[in-house]
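Enquirer: quick one: sequence and predicted model below, then my questions.
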Amino acid sequence: MGSLLQLFIRNGGFVTLVLVEAFCFYIIVQFNDRQQAVYAHSFGRFSGNVLERRQHLLDYWSLDSRVDSLTKENSQLQQELANRGSVQLALRDTFFSVRYDSLLRSDSVRQRVMRPEFIYLTAAVISNSINGANNWLMLNRGSDDGLQSDMAVVTRSGIVGIVRNVNRNFSLVMSVLHRQSKISAALKREKAFGSLVWEGGDPEVMTLKFIPKHFDKIQVGDTVLTSGYSQMFPHGHMIGTIIQKPEQDPENPYFLNMQVRLSQDISTVQDVYVVKNIFDAQIDSLQRSIRDEQ
Amino acid sequence: MNSNLFPNLWRFVLLVAVQVLLLKQVSVTAGAYFNVLLYPLFVLLLPVQLFVPYVVLLGFLVGMTVDYFYVSFGLHASAAAFSGFARSIIFKVVEPKGGFSGKEPVFTPHYFGWPTFTKVAGLFFFIHIFWYFSVDYFTFYYFSDIAWKTLASWVLTMIFVIFFGFLFNPKR
């Protein structure tokens, strides 16, 4: 304390000056129009600059959360899109257009409010492989996040796989690049549907099988979409394009085989949507009843 | 201390009165370059041994008083407080070895001689006037204006200061 007092006695003049000048500047800016205008102009420019830089920095820091919120928003949009598509089919027979929001709408046949059919959940790929004969991906979501087995995994531009095993926090996805994966796909223009399988080798190309051979106008570049018959993938989701003239299936002469280039490169997939079909259990039990009869 | 009180009080009242009643009117009628700032003489003629923070605060006080009549809150106060601090630095140059003693209570030609008084007062008033116009413009964008006004004002003020010195040459 004593040394502090000594310091003040030695530099007290300067300390007092700084305090007095600070006060003077305050009242100058406060009570004099011209000085206030100058101050406002210069400080406005300075502070504008500083605030802009600060915002840039904060933008960078918040990038993660912004990306996350954007993916969430994307998933909601995807969900609306998928549900909209499925209901348009249901309304087609009735010949009137209903203005509805896509999440809750009335069904003219059932006379009650329908719930959406698909729910999209965001997930990130945390491990991936493409070079084996059977490839798997791992996602950072598990049963705690609402994932179950047999859910489809898609991206905005294409399909990725099907959830097979789930634990509380992670899940294993059978990649479309798997010998057992068999996806119901349809041609956009011809409306024919078949099965999409992977025969190994090129991780960008899959084979579309069981297209009846009377569809002879199929061209290179035609779009392949999901058919929506598999109850996992929503109807009309992009899969890829045909890159080769269809050939006759060597095992079954009534059908055509064709090569499809996937629109989503599996080797670079990062953020995915897991598609939950709400009526999955109902459809499943229905199918099982047929299987039991056979 | 008590013997110093009344001379300084008188100087305070008289210099402020001359400044705001006479010199202000003259500068209003005679144009923008005719600014005589005589009141800092009060700060310069405060007792040389006075504790520096007091000098700064008294400078602020006289400045605020002048500001009150000039309706320019803080301008003269800022300049006078700064010149009060600058005074202590300038005095270090003319300080005799071992510091000021009671023999030279105030900084006037009577104690320090005319050459020293003129030089020190010249520097003191220059700093004050330059600071005043800098704060008045509040930006160095118009630096040439500030410089010309400072120069004109400084020359005029110094005439008044020397006149004051001849007229009164106070001993306390």
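Expert: Perfect, thanks for sending it. Numbering: from 1, shown residues only, chains lettered A, B, ... in the order given.
Enquirer: the strands in the stretch 151-294 of chain A, which residues?
Expert: With strands called from DSSP state E, counting those that start in this stretch, the stretch 151-294 of chain A shows them at A:152-154, A:159-166, A:171-175, A:183-187, A:193-197, A:205-212, A:223-226, A:238-242, A:247-248, A:255-262, A:271-277.
Enquirer: mind checking the SS state of the nearest residue to residue A:59 once chain neighbours are set aside?
Expert: Nearest non-adjacent residue to residue A:59, counting by C-beta to C-beta, 6 or more residues apart in numbering or on different chains: residue A:66, 8.0 Å away. All C-beta atoms are positioned from the backbone trio N, CA, C, and that covers glycine. When classified by DSSP: H, G, I helix; E, B strand; the rest coil, residue A:66 comes out as helix.
Enquirer: what count of nearby residues applies to residue A:66?
Expert: Residue A:66: 11 surrounding residues under other C-beta atoms under 10 Å in any protein chain shown.
Enquirer: what does residue B:77 give?
Expert: Neighbour count of residue B:77, defined by other C-beta under 10 Å: 27.
Enquirer: residue in the stretch 51-200 of chain A nearest to chain B?
Expert: Closest to chain B within the stretch 51-200 of chain A is residue A:51: 21.6 Å, counting by C-beta to the nearest C-beta.
Enquirer: separation between that residue and residue B:171?
Expert: 59 Å (C-beta to C-beta, to the nearest Å).
Enquirer: same thing with residue B:98?
Expert: For residue B:98, the distance to residue B:171 - C-beta to C-beta - is 22 Å.
Enquirer: now do residue A:284
Expert: Distance from residue A:284 to residue B:171, by C-beta to C-beta: 113 Å.
Enquirer: so these two - more neighbours on which side?
Expert: Per other C-beta under 10 Å, whichever of residue A:284 and residue B:171 has more neighbours is residue A:284, with 13 against 10.
Enquirer: surely that one and residue A:230 touch.
Expert: No. With contact defined as C-beta atoms under 8 Å, residue A:284 does not count as touching residue A:230 (11.7 Å).
Enquirer: where in the chain is pLDDT low?
Expert: I'll assume chain A. Low-confidence segments of chain A, defined by pLDDT under 70: A:1, A:83-116, A:294.
Enquirer: could you do chain B instead?
Expert: Applying pLDDT under 70 to chain B flags residues B:1-3.
Enquirer: near chain A, which residues of it show up?
Expert: Proximity of chain B to chain A (C-beta under 8 Å from any C-beta of the partner chain) is limited to residues B:51-53, B:55-57, B:60, B:72-75, B:77-78, B:81-82, B:84-85, B:88, B:135-139.
Enquirer: how many neighbours does residue 64 have?
Expert: Here I'm looking at chain A. 9.
Enquirer: that answer is for a different chain, and I need it for chain B
Expert: If you count neighbours by other C-beta under 10 Å, residue B:64 ends up with 19.
Enquirer: so which helix or strand takes in the residue of the stretch 51-200 of chain A closest to chain B?
Expert: In this structure, residue A:51 sits in helix A:33-61 according to DSSP states H and E.
Enquirer: who does that helix touch, helix- and strand-wise?
Expert: Where contact means 3 or more C-beta pairs under 8 Å, 6 or more residues apart in numbering or on different chains; DSSP states H and E, helix A:33-61 is packed against helix A:2-31, helix B:114-137.
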